[in-house]
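J.: I need the structure of the sequence given here:
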Amino acid sequence: MSFALRDRPRPGDEAALPAIAAACGNFSDDEIAFVPEILEKLIEEGEAHSGYRLLVASDTEGPAAFAIWGPIPATDRRYDLYWIATHPRAQGKGAGRMLLEETAKRARLENASHLFIETETGDAYAAAHHLYETCGFPLIATIPDYYREGRHKAVYGGRL
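T.: The predicted structure follows:
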């Protein structure tokens with residue numbers, strides 16, 4: 001399956017991207033509610049002022065996956081992958097890998113030295129963890145009970 005990549009928000013993304021995140025089944029309603037807020041900030045302020053960058057991978061049915069990333073405030077050339085989500089129809093077909101590789105490439109073009117990815121531990125995230133590691137971003141830290149009891153934070157990342 002091939003995906004078309006774009007880096008600008010389009011009308012309809014405020015509904016389509018949260019729907020992708022919801023379809024993944026890993027994100028809470030509170031987490032999903034951040035996506036339209038981030039898009040709004042990106043549209044109103046642009047990349048330079050919002051601190052966010054967007055990548056959307058689309059297939060013949062429309063948006064299939066997205067990534068939101070950008071520089072981490074108050075750091076020296078460190079970037080964060082804030083969001084990466086792939087609709088179940090596109091999982092295992094290369095959309096996530098394409099987005100992560102393109103994110104790393106574009107961060108390097110902005111002179112980023114590191115990319116970090118914060119996520120949860122657990123079986124529901126096994127495919128995502130595998131993706132991060134195979135793209136060169138190993139697990140570098142775990143914070144127990146970060147999200148709630150038994151829900152740990154995993155930090156993947158590395159030098160670009």
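J.: can you pull the buried residues of the helix ranked longest in the chain?
T.: Scanning the chain for the helix with the most residues, using DSSP state H, yields helix 34-50. The neighbour-count check on helix 34-50 (16 or more other C-beta atoms under 10 Å) flags V35, I38, L39, L42, S50 as buried. From N, CA and C alone the C-beta is placed, and that goes for glycine too.
J.: over to stretch 13-25?
T.: In terms of neighbour count (16+ other C-beta under 10 Å), stretch 13-25 has its buried residues at D13, A16, L17, P18, I20, A21, A22, A23, C24.
J.: so which of those belong to helices?
T.: Using DSSP H, D13, A16, L17, P18, I20, A21, A22, A23, C24 are the members of the buried residues of stretch 13-25 that sit in helices.
J.: adding distance to A64 and pLDDT, write those residues out as CSV.
T.: As requested, these are exported to CSV (distance: C-beta to C-beta, whole Å; pLDDT from 0 to 100):
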residue, distance to A64, pLDDT
D13, 13, 96
A16, 10, 97
L17, 11, 98
P18, 14, 98
I20, 7, 98
A21, 12, 97
A22, 14, 97
A23, 10, 97
C24, 12, 93
